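Peer 1: predicted structure and sequence below. I'll ask about it afterward.
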Amino acid sequence: MIASDLDGTVLGPDFRFRPRTVEAITAARDAGIHVVFVTGRPKRWLHPLHEQLEDVGVVICSNGAVVYDLKTERIMETSLFDVREAFGIMGEISALFPKTLYAAETLDRVFTDPGWSRSDRMEIFPVEEAPIKDCLPHGAGVVKLLAKLDGAVPNEYFEHVRDLVDGRLAVTHSVAAAPLVEIGQRGLTKARTLERFAAEHGIASEHVMAFGDMPNDLEMLTWAGRGYAMADGHPGVVTAVGRTAPPFDEDGVAQVIENYLNDA
């Protein structure tokens, strides 16, 4: 099995695959290798895959919180957390960082605090802008809670929030230059969902090749038998993983796949 992150790994800032990457993924599939994308993106941001690749199939999205069949547009599995947990964590973060803004995603809606800048070109989903605590429905299952503190030092803000939450929920980040923290169900990682998905296909970790570039990929890259950090990825991830693929601009994922198929 090949498991790959999307943005910065196989997709560029234009949300496009490079032709060589498409050819390598197609060749891997033709060789009988199962290819699955594992991304922090929500399911509503997956249409670039459908537009550029045939028969994408199942995608593990929202950092592992949702397993989604893109072909049939069906949710296969979810790992959500209760809105009450979100409210509790928000209160603690705001006590420490009063200017923090929040956004929350459920399976069918997006909620943001007033002032939350929506700059992502992928956002085509209806967004309800109002104080999160006033509009997020009680009893709702939360896919992902996002906390942002404009002007903060990104890594310092992340570390403070991570230490504050302290294992009660999962805390990660995927945009190195932004003071943006992603919060999910307790224990949730890309690796946890990928491990379960691979097991359902009779595939053990030693037979998984994985690619990624950011801290939210780290557990997946260290779980896989062949985990590759993109050489131009987050320095901490590159150091922790040890094994690297060439940078995205050099079709790094494609190069590794091509070499593997040539040696098989």
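Peer 2: Sure, I can see it.
Peer 1: quick check: residue 7 vs residue 77, distance?
Peer 2: 22 Å (Cβ to Cβ, to the nearest Å). The way it works is simple: take the backbone N, C-alpha and C, and place the C-beta from them, glycine included.
Peer 1: pick out whichever of these two has more residues nearby.
Peer 2: A direct count of neighbours by other Cβ atoms under 10 Å for residue 7 and residue 77 places residue 7 higher, at 20 against 15.
Peer 1: I figured residue 99 hits residue 147, correct?
Peer 2: No. Under the criterion of Cβ atoms under 8 Å, residue 99 makes no contact with residue 147, lying 10.9 Å away.
Peer 1: neighbour count for those two, which is higher?
Peer 2: Neighbours around residue 99 and residue 147, counted as other Cβ under 10 Å, are more numerous at residue 147. The numbers are 25 against 11.
Peer 1: list the buried residues of the helix or strand the more buried one falls within.
Peer 2: Secondary structure assignment for residue 147, by DSSP states H and E: strand 144-148. For strand 144-148, burial by neighbour count (16 or more other Cβ atoms under 10 Å) applies to 144, 145, 146, 147, 148.
Peer 1: and the next helix or strand past that strand?
Peer 2: helix 154-165.
Peer 1: what's the angle between that next one and strand 144-148?
Peer 2: 130 degrees (axes from the mean of the first three to the mean of the last three Cα atoms, to 10 degrees).
Peer 1: neighbouring strands - and their directions - for the helix or strand just after helix 154-165?
Peer 2: The first helix or strand that comes after helix 154-165 along the chain, using DSSP H and E, is strand 170-172. In the sheet, strand 170-172 lines up against strand 180-184 (antiparallel) (DSSP bridges).
Peer 1: please identify the buried residues of the partner strand?
Peer 2: So for strand 180-184, counting by 16+ other Cβ under 10 Å, buried means 180, 181, 182, 183, 184.
Peer 1: cool, and stretch 97-108?
Peer 2: Going by 16+ other Cβ under 10 Å, stretch 97-108 has these buried residues: 97, 100, 101, 102, 103, 104, 105, 106, 107.
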